[in-house]
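A.B. asks: prediction below, plus the sequence it came from.
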Amino acid sequence: MQIKLIAIGKTDSKELEQLIQEYVKRLGFYTKFELDIIPDIKNSKNLSEASQKEKEGELILKKVQQSDELVLLDEQGKHYSSLAFSEYLQKKMNAGLKNLIFVIGGPYGFSDEVYKRANGKLSLSAMTFSHQMVRLFFVEQIYRAHTILRNEPYHHQ
Ligand SMILES: C[S@@+](CC[C@H](N)C(=O)[O-])C[C@H]1O[C@@H](n2cnc3c(N)ncnc32)[C@H](O)[C@@H]1O
């Protein structure tokens with residue numbers, strides 16, 4: 001199974017980008033993983049929040065095939081412990097899913113079309129994080145999940 005994380009806009013902070021890349025590199029030893037960054041929408045300052053979300057939504061949906069499972073990172077989504085998240089990933093692998101795609105929304109979240117297409121929503125916390133920080137937190141959780149599945153001493157219950 002290929003796991004893909006789609007996010008919008010390049011990471012502004014070098015330090016944050018370095019940490020994200022560190023986990024992306026580590027993940028490569030465990031699974032097929034791709035971080036797919038959609039470039040920022042041009043002239044977004046001249047757009048309303050709704051139009052920006054709509055444009056971002058179109059770009060997100062272009063990247064999704066019919067058979068892909070699409071899960072949105074969303075404060076209102078389902079909460080998992082790290083252990084439960086590792087079990088969730090294992091189930092998806094066992095089910096023979098080809099592509100599991102997670103998406104992080106832009107600064108204003110997702111358009112209605114993206115919500116309609118999604119197969120599920122996953123929350124990392126009831127608190128709202130910046131869309132750039134979520135990348136780091138989530139790649140670390142995917143990495144952690146794989147170390148749990150392999151009984152490696154990274155995660156401590
Ligand atoms: C700044 S937030 C947007 C918040 C906005 N209130 C909304 O309606 O979604 C940008 C993106 O970061 C992600 N995000 C932020 N906090 C999150 C959390 N606690 N759990 C999961 N995803 C989160 C979501 O993908 C969200 O679309």
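C.D. replies: All right, it came through fine.
A.B. asks: nearest residue to residue 120 other than its sequence neighbours?
C.D. replies: Nearest non-adjacent residue to residue 120, counting by C-beta to C-beta, 6 or more residues apart in numbering: residue 71, 4.8 Å away. (C-beta placed from N, C-alpha, C; glycine too.)
A.B. asks: I misspoke; the intended subject was residue 88.
C.D. replies: Per C-beta to C-beta, 6+ apart, closest to residue 88 is residue 80, 6.3 Å.
A.B. asks: separation between that neighbour and residue 124?
C.D. replies: 9 Å (C-beta to C-beta, to the nearest Å).
A.B. asks: tell me which element residue 26 falls in.
C.D. replies: Remark: residue 26 resides in helix 14-27, with elements defined by DSSP states H and E.
A.B. asks: just the buried residues of that helix, please?
C.D. replies: For helix 14-27, burial by neighbour count (16 or more other C-beta atoms under 10 Å) applies to 19, 20, 23, 24, 26, 27.
A.B. asks: circling back to that earlier point, tell me the contacts of the residue nearest to residue 120?
C.D. replies: 100, 101, 102, 103, 118, 119, 120, 121, 122 (C-beta atoms under 8 Å, 6 or more residues apart in numbering).
A.B. asks: so which helix or strand takes in the first one?
C.D. replies: Right, the one you point to is residue 100. strand 99-104.
A.B. asks: residues making contact with that strand?
C.D. replies: Counting by C-beta under 8 Å, 6+ apart, 1-8, 60, 63-65, 67-73, 89, 92, 110, 114, 122, 131, 134-135, 138 sit against strand 99-104.
A.B. asks: just checking: what are the partner strands of it?
C.D. replies: Using DSSP bridges, the strands paired with strand 99-104 are strand 2-8 (parallel), strand 69-79 (parallel).
A.B. asks: quick check: which of those strands is nearest to the ligand?
C.D. replies: The closest of the strands paired with strand 99-104 to the ligand is strand 69-79. By C-beta to the nearest ligand atom, the value is 3.6 Å.
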